[in-house]
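In: predicted model and sequence follow; I will ask about them next.
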Amino acid sequence: MDAATTTTPAVLILLGPPGAGKGTQARMLEDTFGLVQLSTGDLLRAAVAAETEAGLAAKAVMEAGDLVSDEIVIAILRDRLDEPDCAKGVILDGFPRTTVQAEALDGLLSENGQKISAAISLEVEDAEMVTRISGRYTCAGCGEGFHDTFKVPAVEGKCDKCGHTEFKRRADDNAETVASRLAAYHAQTAPLITYYESHGVLQRTNAMGKIEDIANDLKNIVGHAMS
Ligand SMILES: [Zn+2]
């Protein structure tokens with residue numbers, strides 16, 4: 001390729017429920033492909049701090065205790081995508097959340113001659129996720145991690161590492177809470193999955209395997225989407 005060739009930055013959307021390893025995989029994709037992960041919260045904070053026009057608008061809305069409108073978020077994203085570090089592409093995290101936002105995003109991208117490269121859905125099995133997450137606990141003495149099913153202490157009730165006999169569980173890791181987090185995720189995400197499927201950019205990947213296997217699947221999908 002000659003030096004004058006410019007490639008269109010990739011725009012990836014990573015969808016996955018809490019506990020599916022989305023953060024880990026997003027960092028891997030940043031490192032592998034020179035992408036930048038953009039979360040809505042970070043975008044807003046940076047724009048407010050930089051006192052851009054859209055940032056000041058967002059600040060006024062937030063100070064009034066209101067939610068920042070889709071228009072303002074899109075304006076902030078428009079500014080951000082122009083910055084040099086986004087030249088290779090971005091991974092959007094937490095935006096879009098609705099099909100209205102997805103349409104607004106498509107509108108913004110088409111202004112720039114861009115489009116969504118891939119919307120990747122990290123697919124999980126809910127029952128298995130509940131078992132994995134709700135089974136976690138740690139030693140109260142040394143913090144060593146254990147699991148009801150996958151990693152029980154060699155001597156029941158005694159930490160393998162330090163011998164402590166007290167253990168801690170996170171209150172929000174109980175089965176009921178995990179199941180309701182997953183249900184909320186599916187309810188919120190289902191319309192987006194349908195939207196991107198109908199636009200031919202949805203990629204489903206099994207997120208129940210080993211971290212390295214999931215990473216390899218994602219590298220293939222993203223490598224293909226960026227080529
Ligand atoms: Zn211990």
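Out: Done, it's in. Numbering: from 1, shown residues only.
In: run through who's touching the longest helix along the chain.
Out: Secondary structure of the chain per DSSP state H: the longest helix is helix 175-198. For helix 175-198, the external contacting residues (Cβ atoms under 8 Å, 6 or more residues apart in numbering) are 13, 15, 17-19, 96-99, 102, 116, 119, 121, 124, 126, 129-130, 133-134, 171, 202. Bear in mind the C-beta positions are built from the backbone N, C-alpha and C, glycine included.
In: only the buried residues of the helix or strand where residue 30 lies, if you could.
Out: Taking DSSP states H and E as the definition, residue 30 sits inside helix 22-33. Neighbour counts over helix 22-33 (16 or more other Cβ atoms under 10 Å) mark 22, 25, 26, 28, 29, 30, 33 as buried.
In: now the helix or strand just after it - C-alpha only, PDB.
Out: Using DSSP H and E, the next helix or strand after helix 22-33 towards the C-terminus is strand 36-39. Taking C-alpha atoms only, strand 36-39 is exported to PDB below (Å, rounded to 0.1, in the frame of the first residue of the first chain):
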ATOM      1  CA  VAL A  36      -9.100   2.800  21.900                       C
ATOM      2  CA  GLN A  37     -11.900   1.800  24.200                       C
ATOM      3  CA  LEU A  38     -14.400   4.600  24.800                       C
ATOM      4  CA  SER A  39     -16.900   4.300  27.600                       C
END
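In: so what touches strand 36-39?
Out: With contacts defined as Cβ under 8 Å, 6+ apart, strand 36-39 is touched by 26-27, 29-30, 77, 80, 85-86, 88-95.
In: narrow these to those in helices?
Out: Among the contacts of strand 36-39, the ones falling in helices (DSSP H) are 26, 27, 29, 30, 77, 80.
In: and those residues, which two are the farthest apart?
Out: Greatest spatial distance among the ones in helices among the contacts of strand 36-39 (Cβ to Cβ): 27 and 77, at 20.5 Å.
In: show me where the chain has helices.
Out: Using DSSP H, helices in the chain cover 22-33, 40-50, 53-63, 70-81, 99-111, 126-134, 175-198, 211-226.
In: make TSV out of the ones you listed and add mean pLDDT and distance to the ion.
Out: Output for the helices of the chain, formatted as TSV (pLDDT from 0 to 100; distance: least, Cβ to the ion, whole Å):
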stretch	mean pLDDT	distance to the ion
helix 22-33	95	25
helix 40-50	94	35
helix 53-63	95	43
helix 70-81	95	44
helix 99-111	96	45
helix 126-134	93	21
helix 175-198	95	24
helix 211-226	95	24
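In: quick check: which of those helices is buried the most?
Out: Among those, helix 70-81 has the highest mean neighbour count (mean count of other Cβ atoms under 10 Å), at a mean of 19.
In: neighbouring contacts of that helix?
Out: The contact list for helix 70-81 (Cβ under 8 Å, 6+ apart) reads 9, 38, 40, 43-44, 46-47, 52-55, 57-58, 61, 86, 90, 95, 100-101, 104-105, 107-108, 111-112.
In: which residues touch residue 108?
Out: 74, 77, 78, 81.
In: again, 10 Å this time
Out: Residues in contact with residue 108 (Cβ atoms under 10 Å, 6 or more residues apart in numbering) are 11, 74, 75, 77, 78, 81, 114.
In: what distance separates the opening and closing residues of stretch 33-51?
Out: Stretch 33-51 has an end-to-end distance of 30 Å (criterion: Cα to Cα, to the nearest Å).
In: quickly list what residue 206 is bridged to.
Out: residue 123 (DSSP bridges).
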